[in-house]
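**Q** Build me a model from this:
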Amino acid sequence: MKARPYKRSQKSGFVQGLGLTLLLAAAAKCLSLIPFLNIMGQLVIAIILGMVWRAVFGVPVKAAGGVSFSSKKCLRFGIILLGMRLNLGDIVRAGPGVFVIALLHITVTLLVVYGLAKWLKVDRKLGMLTACGTAICGAAAVVAIAPQVDAGDEETAISAAIVAILGTMFTLAYILLYPILGLTPEGYGVFSGGTLHEIAHVIAAAAPGGESAVDLAVVVKLTRVAMLVPVALLVGAWMQRKTPRRSRQEDQGETARSGIVGTIPWFIFGFLLMSGINTWGIVPPQAASMIVTAAYLLIAMAMAGLGLGVDFSAFRKLGIRPFWAALLGSLVLSGLGLVTVHLFGFA
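**A** I've put the predicted structure just below:
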């Protein structure tokens, strides 16, 4: 009988934490509709709101369970539903050039950012998360790769924040540079989609080039998103080989897994399944759009939860060196993007 008030307190605390992340995610969605802030996008704003909330109001200890649920469970379900945005047919129709560009950009950026992070003596997990976020698809890539490298919430949140800030900076720079780049609308679309991090960044940056630029930019961007699955598997396998078995057991608190099977997160299969459903047109377009909106809400709740777990002092302490690695890597990616656009005849 005496345990019931404690259980009720636990339950109310869980609901409080979950509700807080939902509130921040909804606020981020509203703010993302405001001019200029729409460049940042819902996910970027959500993680910043989480960090600001923690700094100003703090986070009740009893709410930790709900916040943790958002940053882990809601995240995985959000990534699954996000697969509904990916139409594999559009990627095939875009031609092999787009696929080669995406593969080249991801490979070079991963190597450059991770190499720079290692040179700057950044923690290995933090460096890999930052590299994947820069190379593939921003915060969504960071949180999808995090389980593969056994990263903690703080490392995940810092990496996501770094990529989000840089993506916004480069989006503004692209918009200002568009008139002097001398690219066709199609070329500018390929350039934007092949080098920027978040979908929101890509759409905002490509807008000056018109509808044709935006359409092609999204296709190129989603081609990079599609490569999240194989990259996650490869990164997971590589990191497991680099991490001693005993260390994995200590980090996870369970029997270490080995081999490629142990590196496959279950939600990756869900992402692929939803992509297949969307590709085959099983779900009507309007329903698919609603599912994608729900996916972004769940991922924004996860971003808010991650932001609530990081204070600005931790970001200043751990985030400066990976920020410089990601910045230099992003500059390399932008330069490579201009070269490949001309090389493959899109300019």
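**Q** Show the average pLDDT along the helix or strand containing F315.
**A** Taking DSSP states H and E as the definition, one finds F315 inside helix 312-318. The average pLDDT within helix 312-318 is 71.
**Q** what are the ranges of the helices in the stretch 151-300 of the chain?
**A** Applying DSSP state H, counting those that start in this stretch to the stretch 151-300 of the chain gives helices spanning 153-181, 185-195, 199-206, 211-226, 228-242, 245-252, 266-279, 285-308.
**Q** how much does the longest one deviate in direction from helix 185-195?
**A** This points to helix 153-181. Orientation of helix 153-181 against helix 185-195 (axes from the mean of the first three to the mean of the last three C-alpha atoms, to 10 degrees) gives an angle of 160 degrees.
**Q** Which strands or helices does helix 153-181 pack on?
**A** In terms of contacts (3 or more C-beta pairs under 8 Å, 6 or more residues apart in numbering; DSSP states H and E), helix 153-181 is packed against helix 37-56, helix 124-135, helix 138-145, helix 185-195, helix 199-206, helix 285-308, helix 312-318, helix 320-343. Just so you know, the C-beta spots here come from the backbone N, C-alpha and C atoms, and that holds for glycine as well.
**Q** what residues does the third one touch?
**A** In other words, helix 138-145. 43-44, 47, 75, 79, 82, 128-130, 132-133, 135, 151, 156, 159-160, 163-164, 167, 197-198, 201, 225, 228, 231-232, 235, 265, 267-268, 299, 302-303, 306 (C-beta atoms under 8 Å, 6 or more residues apart in numbering).
**Q** cool, and the last one?
**A** Contacts with helix 320-343, where a contact means C-beta under 8 Å, 6+ apart, come from 101, 104-105, 108-109, 112-113, 116-117, 119-122, 126-127, 130-131, 133-135, 158-159, 162-163, 165-166, 170, 181, 183, 187, 190-191, 194-195, 347.
**Q** Among those residues, name the buried ones.
**A** Neighbour-count burial (16 or more other C-beta atoms under 10 Å) applied to the contacts of helix 320-343 gives 101, 104-105, 108-109, 112-113, 116-117, 122, 126-127, 130-131, 133-135, 158-159, 162-163, 165-166, 170, 183, 187, 190-191, 194-195, 347.
**Q** Would you reformat the helices of the stretch 151-300 of the chain as a markdown table and include distance to V59 and mean pLDDT?
**A** As requested, the helices of the stretch 151-300 of the chain are arranged in a markdown table below (distance: least, C-beta to C-beta, whole Å; pLDDT from 0 to 100):
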| stretch | distance to V59 | mean pLDDT |
| --- | --- | --- |
| helix 153-181 | 12 | 85 |
| helix 185-195 | 36 | 91 |
| helix 199-206 | 26 | 79 |
| helix 211-226 | 31 | 81 |
| helix 228-242 | 29 | 79 |
| helix 245-252 | 24 | 47 |
| helix 266-279 | 26 | 82 |
| helix 285-308 | 5 | 89 |
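**Q** Relative to I34, tell me which of those wins on proximity.
**A** Checking those against I34 by C-beta to C-beta gives helix 199-206 as the closest, at 12.5 Å.
**Q** how far off helix 185-195 does the closest one point, in degrees?
**A** Helix 199-206 and helix 185-195 are oriented at 150 degrees to each other (the same axes, to 10 degrees).
**Q** Helix 199-206 packs against which elements?
**A** When contacts are defined as 3+ C-beta pairs under 8 Å, 6+ apart, helix 199-206 packs onto helix 37-56, helix 153-181, helix 185-195, helix 211-226.
**Q** What is the helix or strand harbouring V108 packed up against?
**A** Assigning secondary structure by DSSP H and E places V108 in helix 96-119. Packing partners of helix 96-119 (3+ C-beta pairs under 8 Å, 6+ apart): helix 124-135, helix 185-195, helix 211-226, helix 320-343.
**Q** closest one to L22 among those?
**A** Nearest to L22, of these and by C-beta to C-beta, is helix 124-135 at 24.0 Å.
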